[in-house]
Each structure stands twice: as C-alpha cells, then as structure tokens.
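J.: Next comes the sequence, and after it the predicted model I'd like to discuss.
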Amino acid sequence: MRFASLRDLVSDSMAIDMGSASTIISVRGRGIVVDEPSVVAVNKITGEIVAIGKEAQGMQGREARDVGVVAPLVDGVVADFERTQKMLDHFVQEARSGISHFSRRAVMSVLSGVTQVEQRALMTAAEHAHIGRVYMVEEGLAAAIGAGVKLDDRHASAVVDIGGGTTNIAVVARGSIVYAHAERIGSFDIDAAITDRLRRHRGLIIGVMTAERLKMDLGSATEPENADKNLTVKGRDVQTGSPGAIEVSAAEVYGVIQTIVRKIAEEVKMALAELQPEVAADIYDRGIVLTGGGALLEGMEEYLARETQLAVRTADEPRYAIVHGLAQLFDEPLLLRRVTRNEPHFALDAEAGAFEG
C-alpha cells in the first residue's frame, strides 16, 4: 500500500481527448489541466516546430513568412504522425504535476470506425509521450458517460457529439455501445463555408480566426431573432488584392450555416433509422443528448429537435463531456477492461487492481 501511494505521488493518471480542434487533458485528482487548440507552428525551411497550442494559434493568420500553422490531426485522425507525437508530448508534459516524471496510465478517446492503422498512430504517439499504459475508448461511449448516462441503465440513450472535424452518433445501453457512426463533418466545415461564401459572393478573402468570430458572434442553426445584426469584417479584396472590409449580417451567416447543420441532421436521422425497434422506442422516450463544441452553436438544440421530432438537450459543459467520461472510467476498472479497443498485446493488466489508486 505504501508503494501504491508513492507510485500515485510520482505519476499521473490522465484522460485525454485529442481532437481535430482541441486537446483536452484531465488528471485524476486535479481535473482539467490542459485545454488547447490542436495546432502547431512550423518553420517551413527547417521543419522545426516553433510553437504549439495557444501560442501557435496566436500566430495564425499573422505568421512570419517562413512559418506555417498546421493541424496534425484531420477529421479526428492522425494526418501528420511526427507532429502529432510532438504535440501530444508537449501537452502531456504540461499536464504532469511538478514532481511527476512519467504517467502510469491514460485513457484516450478514439473515433468510431477508426482503422487499426489510425488507432496505432495515436497509441504510438502516446507511448512516445512516456505514458506507461494507454487504453483506447470510443468517443461515443465516453461522451455518453460524461453527459450523465448511467452505466447500469438497461434502456438506450443517444448521444450526438459535434466536434471540429467530425460528428459522432452513438447509442449506449448497459455501459456498451449499441450503435455508433462517425461522419467527417463538423464545426470546421461551417468556418470553411463562411470563408468560401465571402470570397465567392462578396469578393473578400478572410482568415480562419475571422471566420470563427463570425460563426460565434452571428451564427445560428435556427433563424436569428435579429437578422439585421451585423459585423464589419476585414480581409483582402479578391479583385484588387488590397485590404478591404465589408458588413456581414446574421441573416447571411445563417444561410451559410444551414447547409452544414442540415447535413448533420440528415446523418442523425439516417442513424436513427438503423436502430432496432426496442432501441428506437427508448430514444423516442428519452430523446438525444448533444455534446462537443458544435453543440454550443446558437439554436443547434432547437434545430435538431425540430428535424428529428425528438427531445434534445445539451449536456453540461458539452466540450468536456468526452474527457469527463474517460476520467470516470478509472473508477470502473471492469468496464474499462470490457470497452477498451486496444489490441491484445496492448491489453490490460492481468488484474483489475491495476486500475486502482
């Protein structure tokens, strides 16, 4: 027991939600300690990483000519292994307590339908970050647990997690996934649609951060109450190449967003159509729980309720639902043993006691 106490003192048990938009890490006993954008700034000449996370995002759109800001994860999977590895290592080092030199274990989220190759890339990145054991759990189950779905509930619950690059639809019962489907569409697509609209129809090229600000300040999935509300946005004029500015209204942004949220709603409806009758009956009674950063879009809850004809509620702290769910699994070692997606030679300790502490 003394050794176990000492081991916990010098190591951290982490829950890691590493997504296309953000990397969020919760440490057992300390809560959320890292919440940073999943981006890196890279020297284009040497290939060296010069900044990670918030510092790199702060450079976006105003980089030095020899620096580029990139996202090493695309649509929820590793697109650039080396930079993903270095980014995760940086965030894990940030998350560790001052006296901790390694992490005994971590539970990481993984997208539904991810391939073994994509999963292995995440596993290897975690190993390079000096994490002793890594357990991979599907995002849908983690989001459901984090949203308050009871692990022993025999009735099914549906969770729609809208992230930056993906929308994950999962149905959970008795602590297991009954149905899961991930579609590579998310809130980044809204940013891209806004940027494309202004370039094609308004003759102004805007940056990533400006598109994000328009989405947050004017965006709505349902018809805005004040359609005339507008913002002045600045960028580069398409025709002259000179700096320019235009007024953008909430009505215009709403029209752009509709194309994306309609696709998300269609994916949700197609998923619901594939459920077994008893499961569908449970969902009819209980409705849908929204999680992920995309759930914070104004009117998203109301829009999905209207499209699906079901009750829809947004989880408390929807951006943190996955990491909260992962963290809870440390208290459920037998469930973690059952739901982990790890390959056999990465599998769990021989005894459930390996999770205690």
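T.: Arrived safely. Residues are numbered from 1 along each chain as shown.
J.: Which residue, other than its chain neighbours, is closest to residue 177?
T.: If the residues on either side of it in the chain are set aside, residue 177 comes closest to residue 141, at 5.4 Å by C-beta to C-beta, 6 or more residues apart in numbering. The way it works is simple: take the backbone N, C-alpha and C, and place the C-beta from them, glycine included.
J.: Touching, the one you found and residue 325? I think so.
T.: Yes - judged on C-beta atoms under 8 Å, residue 141 makes contact with residue 325 at a distance of 7.1 Å.
J.: With residue 75 as the reference, measure out to residue 60.
T.: 19 Å (C-beta to C-beta, to the nearest Å).
J.: and the longest helix for this protein?
T.: Counting by DSSP state H, the longest helix found in the chain is helix 250-272.
J.: Give me the buried positions along it.
T.: Within helix 250-272, the residues that count as buried by 16 or more other C-beta atoms under 10 Å are 250-254, 256-258, 260-261, 264-265, 267-268, 271-272.
J.: what do you get for stretch 210-225?
T.: 210-215, 218-222, 224.
J.: Next, the distance between the ends of it.
T.: One end of stretch 210-225 to the other measures 22 Å (C-alpha to C-alpha, to the nearest Å).
J.: which other residues reach that stretch?
T.: When contacts are defined by C-beta atoms under 8 Å, 6 or more residues apart in numbering, stretch 210-225 is touched by residues 61, 187, 190-192, 194-195, 206, 229-231, 233-235, 248-251, 253-254, 257-258, 261, 297-300, 302-304, 306.
J.: Go through those residues and flag which are in strands.
T.: 230-231, 233-235, 248-249 (DSSP state E).
J.: pull the helix or strand with minimum mean pLDDT from this structure.
T.: In the chain, the helix or strand scored least confidently by mean pLDDT, DSSP states H and E is helix 2-9, which has a mean of 42.
J.: Next SSE downstream of that helix?
T.: strand 11-18 (DSSP states H and E).
J.: Just confirm residue 174 contacts residue 155, I think it does.
T.: No - Residue 174 lies out of contact with residue 155 (C-beta under 8 Å); the separation is 9.0 Å.
J.: Looking at those two, which has the bigger crowd around it?
T.: residue 155 (16 against 13; other C-beta atoms under 10 Å).
J.: could you list every residue that touches that one?
T.: 173, 282, 285-286 are the contacts of residue 155 under C-beta under 8 Å, 6+ apart.
J.: repeat that for 7 Å
T.: By C-beta atoms under 7 Å, 6 or more residues apart in numbering, the contact list for residue 155 reads 173, 282.
J.: With residue 249 instead?
T.: 227-230.
J.: Compare the residues you listed and tell me which has the most neighbours.
T.: Neighbour-wise, the contacts of residue 249 (other C-beta under 10 Å) top out at residue 230, 17 neighbours.
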